[in-house]
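K.L.:
Attaching a predicted model along with its sequence, questions to come.
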Amino acid sequence: MTDAPRVVGTPARIPAGGRLLLTPGPVAVAPSVRQAVARTDLGHREVVTRRCLAEVRRKLASLCGGADQYTSVLLTGSGTAALEAVLCSVTPADAELLVVSNGRFGDRLEQIAAVHKLRCATLRLPVGRAVDPVAVQQALDARPTVTHVAMVQHETSLGVLNPVPAIARIVRAAGPEFIVDGISSIGAEQLDLAHDPVDWLVGSANKCIEALAGLSFVCARPERFESLAAIGPRSFYLDLHQHYLAQQRNDAPLFTPAVQLLLALDEALALALDEGVPARSARYAAHSEQVRDGLSRRGLRLLVPVPDRSSSVTAFEVPPPLTAARLCDAMSAAGVVIYPASSVTQEVAIVATMGQLTTEDVKRFFLVLDETLAALSPSGVCRDASRLEAGVH
């Protein structure tokens, strides 16, 4: 008699229609990107892997507008890993950092700086509003000893797009190096390294590039990476200079990377470059407008003013007495994934249109939203939503 197999755990139920990710990463990816992961088993020291690494680095620089003037360094880890690599690698002992924050992810820059005991001041601006370039200019005028400025371009905690190109010119004129978190903007928002003076640009694979989670990168001029030799490392794994030397001189990773994710990123970058940033931004924006129109017609308040909105993330107030967490959990159980917002005290949820989405996906979102609100809200919000054509004209 044999023992019954041990049950380790019960997998979560996947709804019949599959899961619909309406989140600012991870996102729905193209079938060819998903298939790339299963293409073959590869070792990280093989010639084909090294060639793929070199090609991915080239494509990343091109997507960021850098072409031959810039290069990129790839890291295995989330976008936060690349942010930390930059902040702890490019700031010498006498550096003075100014963090510009208008949300949760701007605050994260400050938190990383604190961990590495960097001298840091924070310009904290209103959440849910785009950063005012004048405020940055005034902060730099008041602190002439600042050597580095760091900020987020797309503050996805509420879907605010900050005017990085304009601020980049202000920072360049003042003299500090400019560090930009482009994790949720690269591939879909305006930022061109050939014209916008950003010194260090940080990105991630699993947002607007539409690859899989687990890889991040830093894009800069080669001479910037070379200059890091004069700065002692604060981290072993996140030593940006050592990663650069290994990848630039040997076409090899410094440590074992996520090889299969590298193959998927290579495919996603080919698709992104073929579509182009303006077209991808327009695709995201068209779906966002459908989302915003449908939410407004249901009487759900949008938090970010029109001029400050990104092309791909929308924040809306959840009607009381519901909480955002309860709404999101219920929708997730029905196969549609959205997130509660984390930068505000009121109950707010965010919907993202990054990734391979269609108008039918937007209709499905509203179908599940209407059913969930009708089931959970005693006030009857959206109980007659069947007359709203699923939020899409």
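P.N.:
In hand now; what should we look at?
K.L.:
buried ones in stretch 301-309?
P.N.:
Neighbour counts over stretch 301-309 (16 or more other Cβ atoms under 10 Å) mark 302-304, 308-309 as buried. No exception for glycine: its C-beta is placed from N, CA and C like everyone else's.
K.L.:
Check stretch 51-58 too.
P.N.:
Result for stretch 51-58 [16+ other Cβ under 10 Å]: buried residues 52-53, 56-58.
K.L.:
and of those, the nearest to Ala211?
P.N.:
Val56 (9.7 Å; Cβ to Cβ).
K.L.:
what's the spacing between that closest one and Arg297?
P.N.:
43 Å (Cβ to Cβ, to the nearest Å).
K.L.:
Check the gap between Phe225 and Leu63 for me.
P.N.:
18 Å.
K.L.:
swap in Gly159?
P.N.:
Using Cβ to Cβ, Gly159 is found at 22 Å from Leu63.
K.L.:
With Ser310 instead?
P.N.:
The gap separating Ser310 from Leu63 is 18 Å, by Cβ to Cβ.
K.L.:
Look at the two and report which has more neighbours.
P.N.:
Using other Cβ atoms under 10 Å as the criterion, Ser310 and Leu63 rank with Ser310 on top: 30 against 22.
K.L.:
Leaving out the residues flanking it, which one is nearest to the more buried one?
P.N.:
Leu161 (4.0 Å; Cβ to Cβ, 6 or more residues apart in numbering).
K.L.:
Could you give the number of residues near that neighbour?
P.N.:
Leu161: 24 neighbours (other Cβ under 10 Å).
K.L.:
On the pLDDT front, check it for me.
P.N.:
Predicted confidence (pLDDT) for Leu161: 98.
K.L.:
isn't it right next to Glu189, touching?
P.N.:
Yes: using Cβ atoms under 8 Å, Leu161 is in contact with Glu189, at 6.2 Å.
K.L.:
and for the two, which residues touch both?
P.N.:
Counting by Cβ atoms under 8 Å, 6 or more residues apart in numbering, the shared contacts of Leu161 and Glu189 are 153-154, 310-311.
K.L.:
rounded to a whole number, what's the mean pLDDT of the helix or strand encompassing Val362?
P.N.:
Per DSSP states H and E, Val362 falls inside helix 359-376. Average pLDDT, helix 359-376: 96.
K.L.:
for it, packing partners?
P.N.:
strand 20-21, helix 277-297, helix 324-333, strand 336-337 (3 or more Cβ pairs under 8 Å, 6 or more residues apart in numbering; DSSP states H and E).
K.L.:
That one: which residues count as buried?
P.N.:
361-373, 376.
K.L.:
before we move on, what about stretch 335-346?
P.N.:
335-341, 343-344.
K.L.:
Thank you kindly, that will do.
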